[in-house]
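Novice: Pasting a predicted model and its sequence here:
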Amino acid sequence: MKKKIIIIVILIFIFLIWFCKSFMVVKDENGNVKYQGDRVQSVESTTEIITNAGEASSVIQEDTTEEATTEATTEVTYGFNNPAPLGVAQTVSTSGLSGDYTAEIKIVSTVRGQEALNIIMSENSLNEAPEAGYEYILARVNFKNVKCDEGKSVNINPYAFDAFTADGTSYDAFDSLGIVIPDELKGEIYQGAEKEGNLLFTTKIGDHPKISYGTSYDGTGGIWFKLN
């Protein structure tokens, strides 16, 4: 009899445990149902990313990369139609009595008109004024022997420089023949040496003349400079 009672009590106890367990609810720390009755809830931890275009803060990344501003540099080509201005050196390779050589030449400055005449007359009282309608231009020229045949020098000849009107008519070099000028550009220089001196040209008053050096027999090549 006692055994039956014990068995009945055990069965009742098991029933009560099952009954209570079926109504049990277990939640995690976030309030999500983790266990209900005899069923385990599969809870996935999700991270919600909310992007609000109106409230989102814009992160501006400063571009520290300096943009290379490359200025369009077009190399200027000087010639008859665009003679080089004062102070601009040009290089010319030519052949002469001294052989093949390369020279770098530039017009440093010019003096013309009455000022040039005053300098010339001060240099030699026997010098004559130019014809009516013409004037003198004294050009200060720098001549450098960049390269020549080994052991040879370059002879600087003032008459190797030819003067032309603005529209391209040649001036007569003999108009300045016999005129004594101070510090005339002439003489011989070896490779690496340079010499600076004056050249004299007789041009029309008001003209914008130009000079050439090292041109060929047909007028091509060589280098060109403004005289004003």
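Specialist: Cool, the structure landed. Numbering: from 1, shown residues only.
Novice: What is the neighbour count of residue 153?
Specialist: Other residues near residue 153 number 17, with proximity taken as other CB atoms under 10 Å. To be clear about C-beta, it is placed using only N, CA and C from the backbone, and glycine gets the same treatment.
Novice: Can you give the domain ranges for this structure?
Specialist: The chain is divided into the following domains under automatic domain parsing: 2-40, 90-226.
Novice: Next secondary structure element downstream of the lowest-mean-pLDDT helix or strand in the chain?
Specialist: Lowest on mean pLDDT, DSSP states H and E among the helices and strands of the chain sits strand 39-40, with a mean of 46. As assigned by DSSP states H and E, the chain's next helix or strand after strand 39-40 is strand 90-96.
Novice: Give the partner strands of that following strand in its sheet and their orientations.
Specialist: Applying DSSP bridges, strand 90-96 is found paired with strand 99-112 (antiparallel).
Novice: low-confidence ranges in this structure?
Specialist: 1-11, 13-74, 96-98 (pLDDT under 70).
Novice: Most tightly packed of the domains of the chain?
Specialist: Greatest average neighbour count among the domains of the chain goes to domain 90-226 (a mean of 16), per mean count of other CB atoms under 10 Å.
Novice: Check which strands are paired with the host helix or strand of residue 143 and give the direction for each one.
Specialist: For residue 143, the enclosing helix or strand under DSSP H and E is strand 134-148. Its sheet considered, strand 134-148 pairs with strand 99-112 (antiparallel), strand 194-204 (antiparallel) by DSSP bridges.
Novice: Return that strand as PDB; C-alpha atoms alone will do.
Specialist: Only the C-alpha atoms of strand 134-148 are listed here, as PDB (Å, rounded to 0.1, in the frame of the first residue of the first chain):
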ATOM      1  CA  TYR A 134      68.100 108.300 -91.300                       C
ATOM      2  CA  GLU A 135      69.500 107.800 -87.800                       C
ATOM      3  CA  TYR A 136      72.100 105.700 -86.000                       C
ATOM      4  CA  ILE A 137      71.400 102.800 -83.700                       C
ATOM      5  CA  LEU A 138      74.100 101.700 -81.400                       C
ATOM      6  CA  ALA A 139      73.400  98.100 -80.200                       C
ATOM      7  CA  ARG A 140      75.200  96.600 -77.300                       C
ATOM      8  CA  VAL A 141      75.700  92.900 -78.200                       C
ATOM      9  CA  ASN A 142      77.000  89.900 -76.100                       C
ATOM     10  CA  PHE A 143      78.600  87.100 -78.200                       C
ATOM     11  CA  LYS A 144      79.600  83.800 -76.600                       C
ATOM     12  CA  ASN A 145      81.600  81.000 -78.300                       C
ATOM     13  CA  VAL A 146      79.700  77.900 -77.000                       C
ATOM     14  CA  LYS A 147      81.500  75.300 -79.200                       C
ATOM     15  CA  CYS A 148      83.900  75.300 -82.000                       C
END
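Novice: Determine the set of other helices and strands touching the helix or strand just after it.
Specialist: Per DSSP H and E, strand 134-148 leads on to strand 153-156 as the next helix or strand towards the C-terminus. With contacts taken as 3 or more CB pairs under 8 Å, 6 or more residues apart in numbering; DSSP states H and E, strand 153-156 sits against strand 134-148, strand 187-190.
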